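> Quick one: sequence plus predicted model below, questions after.
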Amino acid sequence: MRLVQVMIPAGKREAVLSVLDENGIDYALSDETSGRRYTGVVSFPLPTNAVEPILDQLREETGIDRDAYTVVLGAETVVSERYDQLEKEWTEGEEGERIARDELITRAADLAPDWVPFLVMTAISAVVATAGLLLDSPAVVVGSMVIAPLIGPAMATSVGSVLDDRELFVRGIKLQTAGALLAVASAAAFAGLLRFGNIVPLGTNEVLAIGEVRERLSPGVPSLVVALAAGIAGALSLSSGVSSALVGVMIAAALVPPTAVVGIGIAWGRPAAVVGSAVLVAVNFLSINLVALAVFWYQGYQPEEWFKVGEARKDTAKRIGALAVAVLILSSVLAGATYASTQRAAFADD
């Protein structure tokens, strides 16, 4: 549930209260005495699903969107029979809660960090993942996933697309691109230091035989399932307003280790290893963006301005189509790897 606070501009008090009364919403009204153009502050609790429709109705019928500001807060408990009835009306038949458009934008923007911390944390996660892979230590690899800030850029890209927020969309694209390139460069540099500094005096075949490295050299279809599930979980956690921390680890699991393997392949001069892992990285990046975009689109998120809705949905459909085609093409490589692995296993059994 949410507690909404709206500043009421002069001359619009009756219109605002009328909308709340029509919808059976309990509210508390306080006079605004700061001497500005506002005459009051109205606070009212709403079920999460009701925030966007009620705010849209207030903006359409009273025109307060340009003259006042609105604050949406999380609320733990509301004790009111009238609210219980309101909650029943808004949640009956719903499969789950969906936060308001404005809240979704804010959460997506907050998850997309500033450049300096994002780049530093991405580089550190890639280095830690590389160390974990070469040590054949699943615990260290998992640690690299925890610190990887990768959920934010993917969610920002998808939210910016469906809501026609170009600034957020472009920011997400730039962060994802820069993060992928920096992760590969950091992993390659660190792996090269370990190899040529004779800190890890292993031959090429020995490095590629390490369990944590080997399982990401010839990725199969199950690897794609992980990325798809991560993208869906990320979008649902964001749109439902719950914590995305654990989902971020899941997304990092699909991206960080194979990126580190690309760096290891570069350092040890194995183009085949680079290509195999790079395909997995590309498929996972595209798949996460694809399913997140599709989830937000399916949930009905759209721009506030009606004249932007058609263009936004058209652009989103085009992006979903382009991502789907790219994923299908690259997935054929994963399918081929899976088939080859199955054939080798069958031959070994014979």
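Alright, I've got the coordinates.
> Every contact and neighbour count from this point should use C-alpha atoms.
Fine.
> List the residues that contact the most centrally placed residue in the chain.
Nearest to the mean C-alpha position of the chain, by C-alpha atoms, centre = their mean, lies residue 155 at 2.8 Å. For residue 155, the contacting residues are 108, 111, 172, 234-235, 289, 292, taking C-alpha atoms under 8 Å, 6 or more residues apart in numbering as the criterion.
> could you redo the last one with a cut-off of 7 Å?
Contacts here follow C-alpha atoms under 7 Å, 6 or more residues apart in numbering; on that basis residue 155 touches 108, 235, 292.
> The second one in helix, strand or coil?
Right, the one you point to is residue 235. helix (DSSP: H, G, I helix; E, B strand; the rest coil).
> and the residue nearest to the centre of the chain, what are its phi and psi?
Per-residue torsions, residue 155: phi -70, psi -40 (degrees, to the nearest 10).
> now the helices for the stretch 151-300 of the chain?
151-162, 166-196, 204-208, 211-214, 221-240, 245-267, 271-298 (DSSP state H, counting those that start in this stretch).
> Go through those helices and pick out the most buried.
Burial of those is given as mean neighbour count (mean count of other C-alpha atoms under 10 Å); helix 151-162 ranks first at a mean of 28.
> Rounded mean pLDDT for that helix, please.
Predicted confidence along helix 151-162 averages 92 (mean pLDDT).
> low-scoring stretches of the stretch 101-250 of the chain, by residue?
When the per-residue scores of the stretch 101-250 of the chain are filtered using pLDDT under 70, the ranges that remain are 204, 218-220.
> how close does residue 234 sit to residue 243?
Relative to residue 243, residue 234 is positioned 10 Å away (criterion: C-alpha to C-alpha, to the nearest Å).
> ok, now residue 146?
In terms of C-alpha to C-alpha, residue 146 sits 14 Å off from residue 243.
> More neighbours: the two, which one.
A direct count of neighbours by other C-alpha atoms under 10 Å for residue 146 and residue 243 places residue 146 higher, at 18 against 11.
> Just the buried residues of the helix or strand in which the more buried one is found, please?
Using DSSP states H and E, residue 146 sits within helix 138-147. Neighbour-count burial for helix 138-147, with 16 or more other C-alpha atoms under 10 Å as criterion, is recorded at 140-142, 144-147.
> Understood, closing this out.
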